[in-house]
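Engineer: Just the structure for this:
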Amino acid sequence: MFRGVFALAAAVTVLAAVPASADEVTGPVDLGTLPGGLTSYGLRVTNHGVVFGEAYDKAFDVHGARWDAAGRISELRPLDGYDTVKAVAINEAGVAVGDSSNHVLTGRATRWDASGVPVELEQPTWFPGYAWSEPVAINERGMVAGNAYGAPGPDSAVRWDAEGRVTELGLGRVRAMNEAGAVVGWNSGTPRYWDPAGNLVEMTGASVLNDLDDAGTAVGASGFHAAKWDSAGHLTVLDTTWESSEALAITADGTVFGEVSAKGGATRVARWDPAGGLTVLPTPDGAASRFTAVSRTGVALGELDWRTPVVWDATGRLSVLPLPPVEDAACHGYGVTDWAVTGSCSVPSGNSHAVLWKLTEPVGSRAR
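Structural biologist: Alright, predicted model coming up:
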């Protein structure tokens, strides 16, 4: 194991790639695995330095894992009677959600508080025989949105309150939820938007909905072009200058992030400011890039060549995240805050370990 730190269409702005200097990004720091386990992944990181992800135990079952700000790992076990955990999301209070599953293909939505004890969220019952419930998102109020599915019932979008009580939203599956409890998703390829009261709102001209902010603005695509909708469903097309584009995420101030593609050309990560101005984010020599995630204030995480994670700060400046000094090293970033990125890197044994890159100091360190 490697341990420690290794040495509407508006005017389009295309930024030149000016990578940050090496001493501005530190890492990757190997976060390690569960005792006896060989593999782990960091999937989400909070502003207070808590990393949430998955790790294999010595029996080769994957469980949830939570690393505190000092890098100490704790195991998040599945519910009694289940074998494995799929890690999904964590909020700033450190409450994590995922599903507990077993080898006969049944699973239950599960929540872990700071104590790490698994608690089952209420199982939907309106279609008897539902085999599976799974979270997709958790907000800072402790509300959880997700799905229920399994014969004989169709897929259903559901939402749990902070006490774990479930409400059916309607047929479909969930993609994202905001602080008010509004949810976006889809049903049989048709976009769906449920307001905080659970009412279905028609999104004019929507082809896909991917995310929404706390004001209820949803983002996605209309036809082949990036678009956004207000909470009443009114459409604004963000781009018609590229062959295709899609809005994938929206931040607290209304900045939209996504991807643009030229005909026969490379895909590039892009952002639209609240007024609709488009900026194509820089890459070395104009290389292709893919969007992964964005912090609430606009630090974007992406990837080059399917093995090199990168971040762009709020000004659009590019930083290529360092790789470990091992032959054919490959890393992936999965979660980002304003101060850190978590993900995984290959190690000499051929396995992957959860890692952390630091961009600045976390909130708690600044306070000290």
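Engineer: Below-threshold pLDDT in the stretch 1-150 of the chain: ranges please.
Structural biologist: Per-residue confidence of the stretch 1-150 of the chain (counting by pLDDT under 70) places the weak regions at 1-23, 104, 127-130.
Engineer: Report the separation between residue 255 and residue 275.
Structural biologist: Plainly put, residue 255 is 10 Å away from residue 275 if you go by Cβ to Cβ, to the nearest Å. Quick note: C-beta positions are derived from backbone N, CA and C, even for glycine.
Engineer: Could I get the full set of strands for the stretch 251-368 of the chain?
Structural biologist: For the stretch 251-368 of the chain, applying DSSP state E, counting those that start in this stretch gives strands covering 256-261, 267-272, 278-280, 290-294, 300-304, 308-312, 318-320, 331-336, 340-346, 352-358.
Engineer: could you dump those strands to CSV with mean neighbour count and distance to residue 218?
Structural biologist: As requested, the strands of the stretch 251-368 of the chain are arranged in CSV below (neighbours: other Cβ atoms under 10 Å; distance: least, Cβ to Cβ, whole Å):
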stretch, mean neighbour count, distance to residue 218
strand 256-261, 24, 10
strand 267-272, 25, 14
strand 278-280, 21, 19
strand 290-294, 21, 16
strand 300-304, 22, 19
strand 308-312, 25, 23
strand 318-320, 20, 28
strand 331-336, 22, 21
strand 340-346, 27, 26
strand 352-358, 24, 31
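Engineer: Reformat those as a markdown table; add distance to residue 144.
Structural biologist: Listed next are the strands of the stretch 251-368 of the chain as a markdown table, based on distance: least, Cβ to Cβ, whole Å:
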| stretch | distance to residue 144 |
| --- | --- |
| strand 256-261 | 24 |
| strand 267-272 | 29 |
| strand 278-280 | 34 |
| strand 290-294 | 19 |
| strand 300-304 | 24 |
| strand 308-312 | 28 |
| strand 318-320 | 33 |
| strand 331-336 | 18 |
| strand 340-346 | 21 |
| strand 352-358 | 23 |
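Engineer: So which of the ones you listed is nearest residue 160?
Structural biologist: Nearest to residue 160, of all those, is strand 331-336, at 22.1 Å by Cβ to Cβ.
Engineer: about what we covered before: compare residue 255 and residue 275 (neighbour count), which wins?
Structural biologist: residue 255 (20 against 8; other Cβ atoms under 10 Å).
Engineer: Isn't that one up against residue 273?
Structural biologist: Yes - at 5.8 Å, residue 255 and residue 273 qualify as touching, with contact defined as Cβ atoms under 8 Å.
Engineer: overlap in contacts of these two?
Structural biologist: With Cβ atoms under 8 Å, 6 or more residues apart in numbering applied, the contact sets of residue 255 and residue 273 do not overlap.
Engineer: Now mean pLDDT and distance to residue 155 too, for the strands of the stretch 251-368 of the chain, in TSV please.
Structural biologist: Output for the strands of the stretch 251-368 of the chain, formatted as TSV (pLDDT from 0 to 100; distance: least, Cβ to Cβ, whole Å):
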stretch	mean pLDDT	distance to residue 155
strand 256-261	98	26
strand 267-272	97	29
strand 278-280	97	35
strand 290-294	98	25
strand 300-304	97	29
strand 308-312	95	32
strand 318-320	94	39
strand 331-336	96	25
strand 340-346	95	30
strand 352-358	96	31
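Engineer: now residue 176, what's its secondary structure?
Structural biologist: Classification of residue 176 into helix, strand or coil gives strand, according to DSSP: H, G, I helix; E, B strand; the rest coil.
Engineer: Tell me what the nearest residue to it once chain neighbours are set aside is bridged to.
Structural biologist: Of all residues beyond its chain neighbours, the one nearest residue 176 is residue 211 (4.7 Å), with distances taken as Cβ to Cβ, 6 or more residues apart in numbering. Partner residues in beta bridges with residue 211, using DSSP bridges, are residue 219.
Engineer: check contacts around residue 40.
Structural biologist: For residue 40, the contact set (Cβ under 8 Å, 6+ apart) comprises 31-34, 53-56, 65, 73, 344, 352-354.
Engineer: Restricted to strands, list those residues.
Structural biologist: Using DSSP state E to define strands, the subset of those located there is 31-32, 53-56, 65, 73, 344, 352-354.
Engineer: Show me the two of those that sit farthest apart.
Structural biologist: Across the ones in strands among the contacts of residue 40, the two members that end up farthest from each other (Cβ to Cβ) are 73 and 352, 15.0 Å apart.
Engineer: Show the pLDDT at the residue nearest to residue 176.
Structural biologist: At residue 211, the model reports a pLDDT of 98.
Engineer: what about it, how many neighbours?
Structural biologist: Neighbours of residue 211 (other Cβ under 10 Å): 24.
Engineer: My guess is it contacts residue 221. True?
Structural biologist: No - between residue 211 and residue 221 no contact is recorded; they are 11.8 Å apart, counting by Cβ under 8 Å.
Engineer: shared neighbours of the two, which are they?
Structural biologist: Between them, residue 211 and residue 221 share the neighbouring residues residue 247, with contact defined by Cβ under 8 Å, 6+ apart.
Engineer: Residue 245: what's it in contact with?
Structural biologist: By Cβ under 8 Å, 6+ apart, the contact list for residue 245 reads 221, 224-226, 238-239, 258-261, 270.
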